[in-house]
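**Student:** Model the following, please.
(2 chains)
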Amino acid sequence: DGGITQSPKYLFRKEGQNVTLSCEQNLNHDAMYWYRQDPGQGLRLIYYSQIVNDFQKGDIAEGYSVSREKKESFPLTVTSAQKNPTAFYLCASSIGGEQYFGPGTRLTVT
Amino acid sequence: DQQVKQNSPSLSVQEGRISILNCDYTNSMFDYFLWYKKYPAEGPTFLISISSIKDKNEDGRFTVFLNKSAKHLSLHIVPSQPGDSAVYFCAASMLGTSYGKLTFGQGTILTVHP
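**Tutor:** Now for the predicted structure:
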């Protein structure tokens, strides 16, 4: 079964801690993306990667970091520098024009 | 600067009737448009797309219309069903230059009443 997995579904952290969100895909897609969704807002692009070992900042990259060491994996680190980290985080991959999304991770920082 | 806008935060429709969701964009370089459906606490699922060389694309109960001169697209769902109740996002991209990077609208909450 091909798809995108994100883990965990829910994540809780204390303020000041870095946290890494996992994203894995077995669709053999080259491009991968990270978005965050806040209540009443659309999806905003954090980072994207078109190929292994390459990634670009999206619209709201401050306070986040990523790596792309393998085609299948695109982990996102939410650092302590991110001012409002509590949100729903979505990972996607694409080949061509359509993006396919994972189930998301709800991160709560207190 | 919101390049893709969905000006209606919510829409309520009776089962069996037509649902029309609207989306406006400002960037004339966008050449590919998509609609996604999203349930709470889940990832969006792709519904239907349209290229800028077309003005209509149909898939079952879903039809997307594109008016390039008005920079406007709409999604029609006929007939609407209670299971269609979800948040609908429109998205736009520049296929030739942006490697699939999508710009999303804010979403419209559709509620279909039995």
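
**Student:** Quick check: the residue in chain B positioned nearest to chain A vs residue B:15, distance?
**Tutor:** Nearest to chain A, among the residues of chain B, is residue B:43, at 3.3 Å (C-beta to the nearest C-beta). C-beta here means a position set from N, CA and C on the backbone, and glycine is covered the same way. As judged by C-beta to C-beta, to the nearest Å, residue B:43 and residue B:15 stand 26 Å apart.

**Student:** Now for residue B:62: which residues touch it?
**Tutor:** By C-beta atoms under 8 Å, 6 or more residues apart in numbering or on different chains, the contact set of residue B:62 is B:35, B:47, B:48, B:75, B:76, B:77.

**Student:** Quickly find the element holding the third one.
**Tutor:** Counting by DSSP states H and E, the element that carries residue B:48 is strand B:45-51.

**Student:** same for that strand, what does it pack against?
**Tutor:** With contacts taken as 3 or more C-beta pairs under 8 Å, 6 or more residues apart in numbering or on different chains; DSSP states H and E, strand B:45-51 sits against strand A:98-101, strand B:32-38, strand B:56-59, strand B:62-67, strand B:72-77.

**Student:** Can you name the residues of chain A sitting close to chain B?
**Tutor:** With C-beta under 8 Å from any C-beta of the partner chain as the criterion, chain A meets chain B at residues A:4, A:6, A:31, A:33, A:35, A:40-45, A:48, A:50, A:58, A:88, A:90, A:92, A:94, A:96-104, A:106.

**Student:** ChimeraX command for the buried members of these?
**Tutor:** A single ChimeraX command is used to select the members of those judged buried by 16 or more other C-beta atoms under 10 Å in any protein chain shown:
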select /A:4,6,31,33,35,42,43,44,45,48,50,58,88,90,92,94,97,98,99,100,101,102,104
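
**Student:** Which members of the residues of chain A next to chain B occur in strands, if any?
**Tutor:** Counting by DSSP state E, the residues of chain A next to chain B place A:4, A:6, A:31, A:33, A:35, A:43-45, A:48, A:50, A:88, A:90, A:92, A:94, A:98-101, A:106 in strands.

**Student:** Test my guess that residue A:20 contacts residue A:73.
**Tutor:** No: Residue A:20 lies out of contact with residue A:73 (C-beta atoms under 8 Å); the separation is 11.2 Å.

**Student:** Now do the phi/psi pair for residue B:84.
**Tutor:** Per-residue torsions, residue B:84: phi -80, psi -10 (degrees, to the nearest 10).

**Student:** Leaving out chain neighbours, which residue sits closest to it?
**Tutor:** In space, and not counting its chain neighbours, residue B:84 is closest to residue B:112: 5.1 Å by C-beta to C-beta, 6 or more residues apart in numbering or on different chains.

**Student:** likewise residue B:78?
**Tutor:** Residue B:78 sits nearest to residue B:18 (C-beta to C-beta, 6+ apart), 4.7 Å away.

**Student:** Let me see the contact set for that neighbour.
**Tutor:** Contacts for residue B:18 (C-beta under 8 Å, 6+ apart) come out as B:76, B:77, B:78, B:79, B:80.

**Student:** Read off the pLDDT value for the last one.
**Tutor:** If I follow you right, that is residue B:80. Residue B:80 is assigned 98 on the pLDDT scale.

**Student:** Wait, it touches residue B:13, no?
**Tutor:** Yes: when contacts are counted by C-beta under 8 Å, residue B:80 is listed as touching residue B:13 (5.0 Å).

**Student:** Could you tell me which residues touch both of the two?
**Tutor:** In contact with both residue B:80 and residue B:13: B:19, B:110, B:112, using C-beta under 8 Å, 6+ apart.
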